[in-house]
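Novice: 3D model of this:
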Amino acid sequence: MLSLKKNLSEGLSSAASATTSAATSAASATTNAASNAASASQSALQAVAPADLDGLRSSLSNMSPVEQLKEIKEKQGEKFSATSSQLMSILNPTE
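Specialist: Next up, the predicted model:
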């Protein structure tokens, strides 16, 4: 009976250790993914050069308000697409 208790105790201890190890690994992977995503987001924000913004401002000044909104919406779509693509490549590097 003592041997059975000892084996059961060791088995539970081993299972708890494996669970803790798996949880630690998952937390580490999540932290790394979040860090990589934040880094990619920061890189994407830095990719917009001030000269690009000046060019956009000057081209917008020659447009009607409706044309301006269309142009801004198009530029936002392009930036969102590029940023999304970068983030997805970090989160799913195998694709």
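Novice: list the contacts for residue 8?
Specialist: By Cβ atoms under 8 Å, 6 or more residues apart in numbering, no residues touch residue 8. In this view, the C-beta of every residue, glycine as well, is placed from N, C-alpha and C.
Novice: Flag the shaky bits of this protein, pLDDT-wise.
Specialist: 1-2, 4, 23, 26-27, 29-30, 32-51, 95 (pLDDT under 70).
Novice: Could you pull out the helices in it for me?
Specialist: Taking DSSP state H as the criterion, the chain carries its helices at 2-46, 50-61, 65-91.
Novice: hey, which of the ones you listed is tucked in deepest?
Specialist: helix 65-91 (a mean of 12; mean count of other Cβ atoms under 10 Å).
Novice: What helices and strands are in contact with it?
Specialist: helix 2-46, helix 50-61 (3 or more Cβ pairs under 8 Å, 6 or more residues apart in numbering; DSSP states H and E).
Novice: how close does the residue nearest to residue 63 when sequence neighbours are not counted get to residue 65?
Specialist: Leaving aside its chain neighbours, residue 63 sits nearest to residue 71 (6.5 Å; criterion: Cβ to Cβ, 6 or more residues apart in numbering). Relative to residue 65, residue 71 is positioned 11 Å away (criterion: Cβ to Cβ, to the nearest Å).
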